[in-house]
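here are the coordinates; sequence isn't available:
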């Protein structure tokens, strides 16, 4: 059994990015510049954004954090988005989700210039990804592809079962794994309504679990030799931790891991890759790899 | 076994659309207006466009056909697209594919205002469909959903095997069949690289075949009681026909049909639904159902 080390892989990728950035700078180029908008004081969002700023430093990027209170109006937020769209010194930016209830997330996402949409959530990027055109691929699916690639896990023609059909993991993962240029797999998408979910898992070469249900994938659902990618990160109360919680994946790691050829732990698997792929997208933005 | 009659269903839908159009007109509204650009003299394209014009008449739409020779430049074609984008009397329009090789189809598709993109090929519509937002859904997948719905074929939680991963059928079909608001199925996407294609088919409740390989789905690949949707329309030489060819589906209809609960014939199954769904999208465009 090989433990897929997302933390080490992410560190490696960040070092590679920093290397490329220093080359850009030493040949007279500008540092890539990522901006983030954070509205309110959601605990999870604070942590994510802080980590994004740290990742920018690690990669040699310039970063800008714009903070607003959660009583700002939608119109005000849309103005800030528009300013970043027009700011030629900003290569890419994100608006940290979730937003306060009185603001339409979809409206804000669609207001972002798709050429700066390094989160890959704008419908143009979603659509281009679906039909295999160059674009920003959102961070979690892109991070999973990168782990599969760097660990040289065979995917072509193999059965890849995706658990969950969310817009940010399940659906894009399915679209990517079925494409010849990415997974080239036979893709099976299961969800809460699937009558044969357990049977599908038992016949899977690869399981990508993204349902947010701690310990859902048990040993009896896994074929020996399978690869397991665990995207679950549910906060489970834990009085022994200073934070009061621990992160739990969708997989019963203790009993499943011994059966697998490859498995990602939680934490330290897919999680660290996510921010690192945001950095990769920002580098692509600075280089205008996908759009002029 | 129930034969799914696409021709009769399409006629019914066109009658329903005409009914709604006449109500719009009698309450002072304008007739929906579909425009089509046809470049060159490809035999298939000529037929499709002619049928689209006839369908417009059947639905009470205004239609405009713009014909150009196949030596026009890309820049000229892009200008024509721009004119239609700006023409307030045109609700929706299509550029008939394929285009001559010296013209980038993707560039032309992306030049179409997505609010008039009744073919649903613009990345914005592709992306919005993928994440379940209101949009133009391209005609063939939409037609298949409509057949499943009108024949009340259960899809929720059932195994739907999609053969093929083309941008115009396989991929969008997968995206739609996995969504709660459409198929809500367990979706399995197979293609040329799939090692378990036959086994997947044998366990399928629904097979949607879109690979363009005449007679590929044979009786030994079908579970009794399955529903078969045959999207294949390959021209096979046939000296007994005036045209010199006949259309062949991806399914060995003669031997498969007796096993099925529901099956679409070729021709007369999915085919007639396609143009009729273009009419449905044009009506939605005229009503500004998805976009202002």
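Nice, I can see it. Keep in mind that what you see is a predicted model, and the values were worked out from it rather than measured. Residues are numbered from 1 along each chain as shown, chains lettered A, B, ... in the order given.

I'd like to check what contacts stretch A:154-164. Which residues are they?
The set of residues external to stretch A:154-164 that reach it, using C-beta atoms under 8 Å, 6 or more residues apart in numbering or on different chains, is A:148, A:170, A:173-174, A:177, A:183-191, A:197, A:200-201, A:203-212, A:216-217, A:231, A:250, B:193-196. In this view, the C-beta of every residue, glycine as well, is placed from N, C-alpha and C.

Now, those that are in strands?
Assignment to strands by DSSP state E places the following of the contacts of stretch A:154-164 there: A:186-190, A:206-209.

Can I get the buried ones among these as something I can paste into PyMOL?
When burial is assessed using 16 or more other C-beta atoms under 10 Å in any protein chain shown, the buried subset of these is captured in PyMOL by this command:
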select buried, chain A and resi 186+187+188+189+190+206+207+208+209
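
Let me have the ones in strands among the contacts of stretch A:154-164 in JSON lines, adding distance to chain B and pLDDT as columns.
Output for the ones in strands among the contacts of stretch A:154-164, formatted as JSON lines (distance: C-beta to the nearest C-beta, whole Å; pLDDT from 0 to 100):
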{"residue": "A:186", "distance to chain B": "4", "pLDDT": "98"}
{"residue": "A:187", "distance to chain B": "5", "pLDDT": "98"}
{"residue": "A:188", "distance to chain B": "5", "pLDDT": "98"}
{"residue": "A:189", "distance to chain B": "5", "pLDDT": "98"}
{"residue": "A:190", "distance to chain B": "5", "pLDDT": "98"}
{"residue": "A:206", "distance to chain B": "13", "pLDDT": "98"}
{"residue": "A:207", "distance to chain B": "14", "pLDDT": "98"}
{"residue": "A:208", "distance to chain B": "14", "pLDDT": "98"}
{"residue": "A:209", "distance to chain B": "15", "pLDDT": "98"}
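
Output the set of residues of the stretch 51-200 of chain A in proximity to chain B.
Taking C-beta under 8 Å from any C-beta of the partner chain as the criterion, the stretch 51-200 of chain A approaches chain B at residues A:106, A:122-133, A:156-159, A:165, A:167, A:171-172, A:174-175, A:178-180, A:184, A:186-191, A:193-197, A:200.

Among the residues you listed, name the buried ones.
The neighbour-count criterion (16+ other C-beta under 10 Å) marks A:122-133, A:157-159, A:165, A:171-172, A:174-175, A:178-179, A:184, A:186-191, A:193-194, A:196-197, A:200 among these as buried.

Out of those, which sit inside helices?
A:123-130, A:171-172, A:174-175, A:178, A:197, A:200 (DSSP state H).

Report how many residues lie close to residue A:100.
Neighbour count of residue A:100, defined by other C-beta atoms under 10 Å in any protein chain shown: 16.

I'd assumed residue A:70 was in contact with it.
Yes - in this structure residue A:100 lies within contact range of residue A:70 using C-beta atoms under 8 Å: 4.5 Å.

shared neighbours, the two?
A:39-40.

between the ones in strands among the contacts of stretch A:154-164, which is nearest residue B:95?
Checking those against residue B:95 with C-beta to C-beta, the nearest one is residue A:187 at 30.8 Å.

Residue A:158 versus that closest one, what's the distance?
In this structure, residue A:187 lies at 10 Å from residue A:158, with C-beta to C-beta, to the nearest Å as the measure.

and what of residue A:28?
Relative to residue A:158, residue A:28 is positioned 46 Å away (criterion: C-beta to C-beta).

Would you map the strands across chain A?
When assigned using DSSP E, the strands of chain A occupy the ranges A:2-3, A:33-39, A:62-68, A:92-95, A:159-163, A:186-190, A:206-209, A:227-230, A:234-237, A:245-248, A:262-263.

which helices and strands does the longest helix along chain A pack with?
Longest helix of chain A, by residue count under DSSP H: helix A:6-26. Helix A:6-26 sits against helix A:43-59, helix A:139-150, helix A:270-286, with contacts defined as 3 or more C-beta pairs under 8 Å, 6 or more residues apart in numbering or on different chains; DSSP states H and E.

Tell me which of the ones you listed sits most buried.
Most buried of these by mean neighbour count (mean count of other C-beta atoms under 10 Å in any protein chain shown) is helix A:270-286; its value is a mean of 24.

what packs against that helix?
By contact count (3+ C-beta pairs under 8 Å, 6+ apart), the secondary structure elements abutting helix A:270-286 are helix A:6-26, strand A:33-39, helix A:43-59, strand A:92-95, helix A:139-150.

Just put the helices and strands packed on helix A:6-26 in TSV and tack on mean pLDDT and distance to residue B:76.
Conversion of the helices and strands packed on helix A:6-26 to TSV gives the following (pLDDT from 0 to 100; distance: least, C-beta to C-beta, whole Å):
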stretch	mean pLDDT	distance to residue B:76
helix A:43-59	94	45
helix A:139-150	98	38
helix A:270-286	97	33
